[in-house]
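I would like the atomic coordinates for the input below:
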Amino acid sequence: MVNAARLLGDLSHVCSIFLLLLKIKTSKSCVGISLKTLYCYMVVFTARYLDLFVHNPFKGILRFYNTIMKILFLSTTSYAIYLVRWKYKHTYSSSQDTMRIEFLIVPAGILAVVFHFSLHPLDVMWAFSQFLEAVSLLPQLFMLQKTGEVENITGHYVFTLGLYRVLYVINWLWRYISEKHFWAPLMWVAGSVQTILFADFAYHYIKATRKGKKLKLPP
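Reported below is the predicted structural model:
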């Protein structure tokens, strides 16, 4: 079922990606952008959307909508990685993007093997994507914290990327209230962890925006 929170969440996610691409293309620079967060999200989307190869995308409006969004997220994230990793690599701040993402990916994989809906490979990969997405924003947040000052459009990109998951949490709460058999504790835990990790950045972003000041993160 699709409700307003889910649609707004998807819109926020799409906005975050296009803000990222706009920032890179207009400035011809990827300063302040974490390639490692993009790698993590690419792994998340690849693992989560393996069902593209087994489901009929035209079987209902909702499935067609989901298929369009999946292809959009995969293609735009791939393009963003190309821009940062190759086209504008001379502007990429690798010395500041230092978080070891294997310490995020491996634990997510272990959790997925232990906690999943079933042992079907697609279900295990889906669980892996949920656990990894919960921490995928960490390299970007860690990088911005090291640099201190955040460009406006970069701040908008990170905020909308985090906001999409907050809206998804609201969507899940609504579904739990309105749908009799909706029970998804794995999603709830992963989404809550992601929201908590995002909360500090969101606080400083909203505070700076309300005061009309440039966003600065504490060390």
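
which helix or strand lies directly C-terminal to the helix or strand harbouring residue 14?
Assigned by DSSP states H and E, residue 14 falls within helix 4-27. As assigned by DSSP H and E, the chain's next helix or strand after helix 4-27 is helix 35-48.

residue 29: what's it in contact with?
88, 91 (Cβ atoms under 8 Å, 6 or more residues apart in numbering). Where C-beta positions appear, they are placed from N, C-alpha and C, glycine not excepted.

could you report the distance from it to residue 152?
14 Å (Cβ to Cβ, to the nearest Å).

buried residues in the helix holding residue 14?
5-6, 8-10, 12-17, 19-20, 23-24 (16 or more other Cβ atoms under 10 Å).

check residue 119 and give its pLDDT.
Among the per-residue scores, residue 119 shows a pLDDT of 87.

for it, what are its contacts?
Counting by Cβ under 8 Å, 6+ apart, residue 119 has no contacts.

next one: phi and psi at it?
The phi/psi pair for residue 119 (degrees, to the nearest 10) reads phi -90, psi 10.

so how far is residue 112 from it?
From residue 119 to residue 112 the distance is 11 Å (Cβ to Cβ).

span of stretch 179-190 from start to end?
Taking Cα to Cα, to the nearest Å, stretch 179-190 runs 20 Å from one end to the other.

so which bits of it are buried?
Neighbour counts over stretch 179-190 (16+ other Cβ under 10 Å) mark 186, 187, 190 as buried.

tell me which of those is nearest to residue 171?
residue 187 (10.0 Å; Cβ to Cβ).
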